[in-house]
Each structure stands twice: as C-alpha cells, then as structure tokens.
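A.B. asks: Mind looking at a prediction? Sequence and model below.
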Amino acid sequence: MARKTKSKKNLISAGAARRTFKKFSWRGVDLANLFDLTNEQLMKLLHARARRRFTHRGLSRKPMALMKKLRKAKKAAAVDGSKPEVVKTHLRNTIIVPEMIGSVVGVYNGKSFTAVEVKPEMLGHYIGEFSITYKPVAHGRPGMMSGAAARFIPLY
C-alpha cells in the first residue's frame with residue numbers, strides 16, 4: 001500500500017517538472033518578434049477590414065494621440081515596475097496593434113470608462129469589443145402584471 005502512494009507522488013512531481021507552457025504566437029509570429037514588425041509586415045498579418053483601414057487612410061490624428069499617451073504611461077510605469085496608468089478614450093474603433101500590449105485603456109461605453117488591459121490575444125481587434133455598451137438582461141421573476149393577475153381585470 002505504501003509503495004503505491006509513493007509511486008503516485010513520484011508521478012505527480014515528475015509530471016509537474018515536465019510541464020511546459022505554450023509559447024504565444026499570433027498568426028505564426030512570436031510575441032518578441034511582433035514588436036519588431038514594420039507597419040507593412042503588420043498589415044499583411046491583419047484581417048482584411050483592418051488592413052483596408054490602415055492602407056487607404058493610415059492612422060489619423062486621434063488614434064496617434066492615443067498611442068502617444070499610451071507610450072507615455074508605459075514609460076512612466078517602467079520606472080516604478082507597476083502597471084501603467086489608465087488612459088481614457090472614446091475611440092472604440094481603434095484597432096489594437098502590438099505597441100499597445102501591456103497598456104491599460106479606459107474605454108468609454110456610453111456611461112462610464114471600462115478599464116481594459118491590452119493582452120497579446122487582443123491583437124487585430126477593436127478596443128470597443130472589450131467594453132460592453134449594454135447591461136445584459138438578467139431574466140428573473142416576472143413583474144406585477146404577469147400570470148393570473150394580468151388575465152383578470154375587474155371592470156366596475
């Protein structure tokens with residue numbers, strides 16, 4: 001009996017030692033290499049809608065200002081070693097690029113700013129996708145005018 005428990009412990013510890021984590025890659029490019037990509041190389045990796053937006057119109061003034069604020073917040077946080085300060089924005093249609101990874105963006109949802117920490121998996125998506133604009137319906141108990149009370153209304 002003692003042998004079986006000992007062997008199970010050995011198996012568990014051996015399994016834990018061999019466990020390796022999956023290295024993140026986005027469309028075949030490692031995370032470290034994503035930061036080194038030029039704009040043209042990044043455009044080839046993005047989906048058609050984002051590619052069309054960048055190639056025909058480029059980055060306009062407002063998203064560039066947001067990028068500048070994010071860079072500034074990340075630079076200030078690098079000194080402390082803490083998370084970057086939240087940068088508030090109304091620009092829900094900004095596409096997430098590798099430079100934004102690690103930043104914290106306060107995205108306006110029509111009522112308040114939702115803090116969104118940009119992760120590598122979010123690349124190519126719009127910032128607004130991570131800040132829900134409505135309160136999901138919680139279907140609870142029925143209200144006052146439902147059931148038997150709604151069917152019978154006395155007429156005096």
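C.D. replies: Great, that's in hand.
A.B. asks: From Asn39, how far off is the residue nearest to Val87 when sequence neighbours are not counted?
C.D. replies: Distance criterion Cβ to Cβ, 6 or more residues apart in numbering; nearest residue to Val87, sequence neighbours excluded, is Lys69 at 4.7 Å. For glycine as for every other residue, the C-beta is placed from the backbone atoms N, C-alpha and C. Here the distance between Lys69 and Asn39 works out to 20 Å (Cβ to Cβ, to the nearest Å).
A.B. asks: Show me which of these two is the more surrounded one.
C.D. replies: Lys69 (16 against 11; other Cβ atoms under 10 Å).
A.B. asks: Quick check: the more buried one is in a strand.
C.D. replies: No. With DSSP: H, G, I helix; E, B strand; the rest coil as the criterion, Lys69 is assigned helix and is not in a strand.
A.B. asks: Let me see the ranges of the strands in this protein.
C.D. replies: Assigned by DSSP state E, the strands in the chain fall at 25-26, 29-30, 87-89, 104-108, 113-117.
A.B. asks: returning to what we had before: may I ask you to confirm that the residue nearest to Val87 is in contact with Lys88?
C.D. replies: No. Counting by Cβ atoms under 8 Å, Lys69 does not reach Lys88; the two are 9.0 Å apart.
A.B. asks: okay, now Leu31: neighbour count?
C.D. replies: Using other Cβ under 10 Å, Leu31 has 14 other residues around it.
A.B. asks: Give me the pLDDT for it.
C.D. replies: With respect to pLDDT, Leu31 has a value of 78.
A.B. asks: wait, isn't it in contact with Leu37?
C.D. replies: No. Leu31 is beyond contact range of Leu37, at 11.3 Å (criterion: Cβ under 8 Å).
A.B. asks: what's in contact with stretch 27-42?
C.D. replies: Stretch 27-42 is contacted by residues 23-26, 45, 54, 97-99, 101, 120, 123 when judged by Cβ atoms under 8 Å, 6 or more residues apart in numbering.
A.B. asks: ok, which pair from these is furthest apart?
C.D. replies: Lys23 and Phe54 (27.1 Å; Cβ to Cβ).
A.B. asks: Which one's more surrounded, the two?
C.D. replies: Looking at Lys23 and Phe54 with other Cβ under 10 Å, you find the greater number of neighbours at Phe54, namely 16 against 8.
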